[in-house]
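Enquirer: I'll drop the sequence and a predicted model, then ask my questions.
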There are 6 protein chains.
Amino acid sequence: LTRYLEEFQVGESRISHGRTITEADIVLHAGQTGDFYPHHMDAVFCATQPFGQRMAHGTLVLSVGVGLLAGDVNEVALSYGYEKVRFIRPVFIGDTIRSRATVSGIRDNPKNRSESGFLDELVEVINQKDETVLAMSKIYLISKNPNLSSK
Amino acid sequence: LTRYLEEFQVGESRISHGRTITEADIVLHAGQTGDFYPHHMDAVFCATQPFGQRMAHGTLVLSVGVGLLAGDVNEVALSYGYEKVRFIRPVFIGDTIRSRATVSGIRDNPKNRSESGFLDELVEVINQKDETVLAMSKIYLISKNPNLSSK
Amino acid sequence: LTRYLEEFQVGESRISHGRTITEADIVLHAGQTGDFYPHHMDAVFCATQPFGQRMAHGTLVLSVGVGLLAGDVNEVALSYGYEKVRFIRPVFIGDTIRSRATVSGIRDNPKNRSESGFLDELVEVINQKDETVLAMSKIYLISKNPNLSSK
Amino acid sequence: LTRYLEEFQVGESRISHGRTITEADIVLHAGQTGDFYPHHMDAVFCATQPFGQRMAHGTLVLSVGVGLLAGDVNEVALSYGYEKVRFIRPVFIGDTIRSRATVSGIRDNPKNRSESGFLDELVEVINQKDETVLAMSKIYLISKNPNLSSK
Amino acid sequence: LTRYLEEFQVGESRISHGRTITEADIVLHAGQTGDFYPHHMDAVFCATQPFGQRMAHGTLVLSVGVGLLAGDVNEVALSYGYEKVRFIRPVFIGDTIRSRATVSGIRDNPKNRSESGFLDELVEVINQKDETVLAMSKIYLISKNPNLSSK
Amino acid sequence: LTRYLEEFQVGESRISHGRTITEADIVLHAGQTGDFYPHHMDAVFCATQPFGQRMAHGTLVLSVGVGLLAGDVNEVALSYGYEKVRFIRPVFIGDTIRSRATVSGIRDNPKNRSESGFLDELVEVINQKDETVLAMSKIYLISKNPNLSSK
């Protein structure tokens, strides 16, 4: 798939399938990252805390939230970075999340105004109660259509 | 461990052990996130691309980079969010990364100036050539010491 | 172990240990195959469907069902293929399955009548209620005993 | 997505992305199925055999081959079974496979001629040398369009 | 970290964080070891047994129990072996374990009395009811401080 | 399977299939145990050390070594503990290990002389060069045959 910067519009939106975050996901993420903090891994400790139960790692919610939006590859887009990543609510075992992506900005690339530009996508990870658990802005660097020359 | 906001200083730094990113890490991260893009999973495709080989997911580098810094739990600190996450260089199979965290800012919490504040930590993930592959600013919300009253 | 074609009899049967299919198995199978369909991964969606809950992937039931029968290696047998694979009932999280294999046919190998032949094995995967959830015919190509010449 | 039986045509075809089968995939598949046969797990034994190296489990190639084709969910289709599954060539560590699916037949459902029918899809799993490593026929039970009544 | 044999004292003790042993841990350990005994994997069988439910593998409890104590690396210590490993009580899905290590002996190394010695550490793995589930003696070979010559 | 204590003989021996220890096994074991020491995970650090490369965790070698011997369940035997566990040589990525078990002792159970006794099994984990990498004595508590009464 090839989709140039000119083919995106601010406000366009897509939403992913849902995915239930399981105890296995947390165990596997601890195993991948080495983060075995008791907030994620120790049910007895968690029962003594305000949140009352084990919660998913922030990096797990972020990784699955981004992964849920992986669909067709756009060959002329590159993941550049994230801004304003906010862990808004905890995700507990058994919560079901989905991700919504909305184009929130299309900007010039100051280093190369004629060939590419930045696209900002607001990513919201939402739980089964329609609460936002994580929000962030994902930045892509996307080529402009070489056939739409001009400056 | 309890470490209040007043006990941190701008400029203090810590560095993690190293960890070699393996083919297994990429396979497991694809499996956790559902992102099976050919840039990560298809060696034949990658051989035709400028980067020449499979590369780690951005969310894998971020998750391991953050996880490498997981040490003692600070009971009065909370992970609030990230700013300026930048994927600077690809991480390839066999690269060894470590993470350096440097306190870069200590700021008021406008909503609760007397009880807590924000700490900004510059996280740099560095490869075996001492190149930065990912940089970001991690924000913590940390309690102030209630015994150091005053305003 | 060496067991030649002549040593098998139509009707002989073996049954495996049981294995409880867990949420972790489904998460791992999605991760291995890239199949994150909501029928397997989204408990909220599944609750709105006739089957009411997440179900195991067909390829998971098949893979575990075949794996349960892995015992001693027969050095003169080769897995040739499957026929009539049927997904008869869903397998839900917490179901316990076992596999029964029954020799259902012994046939000539038209390409090499004197040295080997085909053995058909009916594989039935059964749940804790003794219901068949998957059935198939597994075909082996097995050497004939060279000391029992003839032909 | 809703796609009724009438909307398919014999001969239509789709092809997946590629995926490199790694040592990690084999280790994980052994772990999921319990099949630790030396043909998959013991490099020293394999070096003494005609094929010379460890090979992927048949059920791994089948599961990944099917998973590679998982795309949009068709809400009116149901996976019914497989026919003529054949393990044609071994898949070795480092081989890159992709899957091609071609509609090969559209048939009546004798039990319910007016509401649904069977669709046969030839699935071919192909390696980086364009050799077919696994072939099979996948059968779907698909609803007919209720608005295209008639009998 | 460098900590010479002379810097340890019999009776000093440390205790780990807790970790809840999950169904996923058992599934992953079966997958890593190939031990799919019904005592660990078959809930229906276990319900007919005195212990009534699936239990963690002994090697899982041992591996996690030892892993929980992994902290700073002591560069002059080497894991030499274990003595008196005893599986005292079963660990069930949902139990939360932690590990306590107590220096129980400091001994000469008969082969090299001047440069190193043995340290015995009593490792006790304890569940949420403060019952010991596994106990063992872990033996380290640790260098003596070369600056504290003598002998 | 039921095999009473009287049916074992000192000196009887069995040997397992081989299994190649992969990078994936080490990554998975670190993930299961939380032990990410650089001796296992950091190829750059290891290259500066006498052993020159990453090595398997002791608990990985022990767990796989024991798992390789898992065969038929003996319903009247119970795993009681281990003695003299010794990590004799490192296991590196790509080494192929197998396990040999030899009955080395049959002893009274002082607490219940008439109904059960202890069986000691010498377990040796051996690499592809026939070097012993781990040795230990595994202790089983096994019922005596109630039909062979006497006291």
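Expert: Okay, I see it.

Enquirer: helices along chain A, start to end?
Expert: A:23-33, A:38-41, A:43-46, A:58-67 (DSSP state H).

Enquirer: which residue sits closest to whichever residue of chain A sits closest to chain F, ignoring its sequence neighbours?
Expert: Distances between chain A and chain F by C-beta to the nearest C-beta are smallest at A:G31, namely 2.5 Å. Heads up, the C-betas are built off the backbone N, CA and C, glycines and all. Nearest non-adjacent residue to A:G31, counting by C-beta to C-beta, 6 or more residues apart in numbering or on different chains: F:G31, 2.5 Å away.

Enquirer: can you pull up the most central residue in chain A?
Expert: A:V66 (3.4 Å; C-alpha atoms, centre = their mean).

Enquirer: surely it meets A:E121?
Expert: No. If you go by C-beta atoms under 8 Å, A:V66 and A:E121 don't touch, sitting 10.4 Å apart.

Enquirer: what touches both of the two?
Expert: A:K138 (C-beta atoms under 8 Å, 6 or more residues apart in numbering or on different chains).

Enquirer: so A:L122 makes contact with A:S99?
Expert: No. Using C-beta under 8 Å, A:L122 is not in contact with A:S99, being 10.7 Å away.

Enquirer: of these two, who's got more company?
Expert: Between A:L122 and A:S99, counting by other C-beta atoms under 10 Å in any protein chain shown, A:S99 is the more crowded of the two (22 against 16).

Enquirer: got a list of what that one touches?
Expert: A:I15, A:S16, A:G65, A:V66, A:L68, A:L69, A:V123, A:E124, A:V125, A:I126.

Enquirer: repeat that for A:H57.
Expert: Contacts of A:H57 (C-beta under 8 Å, 6+ apart): A:I26, A:H29, A:A30, A:T33, A:D35, A:H40, B:S63.

Enquirer: reformat the residues you listed as a markdown table; add neighbour count, distance to D:Y4 and pLDDT.
Expert: Below are these laid out as a markdown table (neighbours: other C-beta atoms under 10 Å in any protein chain shown; distance: C-beta to C-beta, whole Å; pLDDT from 0 to 100):
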| residue | neighbour count | distance to D:Y4 | pLDDT |
| --- | --- | --- | --- |
| A:I26 | 23 | 40 | 98 |
| A:H29 | 26 | 40 | 98 |
| A:A30 | 22 | 45 | 98 |
| A:T33 | 26 | 45 | 98 |
| A:D35 | 24 | 48 | 96 |
| A:H40 | 22 | 45 | 97 |
| B:S63 | 26 | 42 | 98 |
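
Enquirer: and the residues you listed as TSV, adding distance to chain E?
Expert: Formatted as TSV, the contacts of A:H57 follow (distance: C-beta to the nearest C-beta, whole Å):
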residue	distance to chain E
A:I26	8
A:H29	11
A:A30	9
A:T33	15
A:D35	12
A:H40	10
B:S63	18
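
Enquirer: flag every residue of chain A that's near chain F.
Expert: A:L28, A:A30, A:G31, A:Q32, A:G34, A:F36 (C-beta under 8 Å from any C-beta of the partner chain).

Enquirer: buried only: go through the residues you listed for me.
Expert: Buried subset of those (neighbour count, 16 or more other C-beta atoms under 10 Å in any protein chain shown): A:L28, A:A30, A:G31, A:Q32, A:G34, A:F36.

Enquirer: so the second one touches A:H40, yeah?
Expert: Yes. Applying C-beta under 8 Å as the test, A:A30 and A:H40 come out as touching, 6.0 Å apart.

Enquirer: help me confirm that A:R98 comes into contact with A:T20.
Expert: No. With contact defined as C-beta under 8 Å, A:R98 does not count as touching A:T20 (10.4 Å).

Enquirer: point out where chain A drops to low pLDDT.
Expert: A:149-151 (pLDDT under 70).

Enquirer: all strands of it, in order?
Expert: A:13-15, A:19-20, A:77-87, A:96-108, A:116-126, A:132-143 (DSSP state E).

Enquirer: deepest in the core, which of these is it.
Expert: By mean neighbour count, with neighbours taken as mean count of other C-beta atoms under 10 Å in any protein chain shown, strand A:19-20 ranks first of the strands of chain A at a mean of 26.

Enquirer: give me the contact list for that one.
Expert: A:64, A:68, A:94-98, B:34, C:36, C:38, C:41-44, C:54.

Enquirer: chain D contacts on chain A?
Expert: Counting by C-beta under 8 Å from any C-beta, the residues of chain A near chain D are A:V73.

Enquirer: touching chain C at all, stretch A:85-92?
Expert: No. Stretch A:85-92 does not reach chain C (C-beta under 8 Å from any C-beta); its nearest approach is 12.8 Å.

Enquirer: check the offset of that stretch from the chain's centre.
Expert: Stretch A:85-92 has its C-alpha centroid displaced from the chain centroid by 12 Å (C-alpha atoms, centre = their mean, to the nearest Å).

Enquirer: that one vs chain B: in contact?
Expert: Yes. Counting by C-beta under 8 Å from any C-beta, chain B has neighbours in stretch A:85-92: A:V85, A:R86, A:F87.

Enquirer: which one of those residues is nearest to A:K138?
Expert: A:V85 (9.4 Å; C-beta to C-beta).

Enquirer: go ahead and confirm the closest one touches A:M136.
Expert: Yes. At 4.1 Å, A:V85 counts as touching A:M136 under the criterion of C-beta under 8 Å.

Enquirer: who touches both of these two?
Expert: In contact with both A:V85 and A:M136: A:L62, B:Y82, using C-beta under 8 Å, 6+ apart.

Enquirer: which residues of chain A lie near chain B?
Expert: A:19, A:25, A:28-29, A:32-39, A:57-60, A:62-64, A:66-68, A:70, A:73, A:79-87, A:136.

Enquirer: re the thing from before, and the strands of chain A: which comes nearest D:N145?
Expert: Nearest to D:N145, of those and by C-beta to C-beta, is strand A:13-15 at 26.3 Å.

Enquirer: mind giving me the packing neighbours of the closest one?
Expert: strand A:96-108 (3 or more C-beta pairs under 8 Å, 6 or more residues apart in numbering or on different chains; DSSP states H and E).

Enquirer: so what strands line up beside the strand it packs on?
Expert: Paired with strand A:96-108 in the same sheet, following DSSP bridges, are strand A:13-15 (antiparallel), strand A:19-20 (antiparallel), strand A:116-126 (antiparallel).

Enquirer: C:E6 is nearest to which of the ones you listed?
Expert: Closest among those, using C-beta to C-beta: strand A:19-20, at 51.8 Å.

Enquirer: chain center to the closest one, what's the gap?
Expert: 15 Å.

Enquirer: with stretch A:43-52 instead?
Expert: 27 Å.

Enquirer: what comes up buried for it?
Expert: For stretch A:43-52, by 16+ other C-beta under 10 Å, it's A:A43, A:V44, A:F45, A:C46.

Enquirer: wait, does it make contact with chain E?
Expert: Yes. Using C-beta under 8 Å from any C-beta, stretch A:43-52 reaches chain E at A:A43, A:V44, A:F45.

Enquirer: just the CA atoms of that stretch, as PDB, please.
Expert: C-alpha atoms of stretch A:43-52 as PDB (Å, rounded to 0.1, in the frame of the first residue of the first chain):
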ATOM      1  CA  ALA A  43      -1.700 -10.200  43.900                       C
ATOM      2  CA  VAL A  44      -1.300 -10.300  47.700                       C
ATOM      3  CA  PHE A  45       0.500  -7.000  47.700                       C
ATOM      4  CA  CYS A  46      -2.000  -5.400  45.300                       C
ATOM      5  CA  ALA A  47      -4.900  -6.400  47.500                       C
ATOM      6  CA  THR A  48      -3.400  -4.000  50.100                       C
ATOM      7  CA  GLN A  49      -3.200  -1.100  47.700                       C
ATOM      8  CA  PRO A  50      -5.800   1.500  46.600                       C
ATOM      9  CA  PHE A  51      -6.200  -0.100  43.100                       C
ATOM     10  CA  GLY A  52      -6.800  -3.500  44.800                       C
END
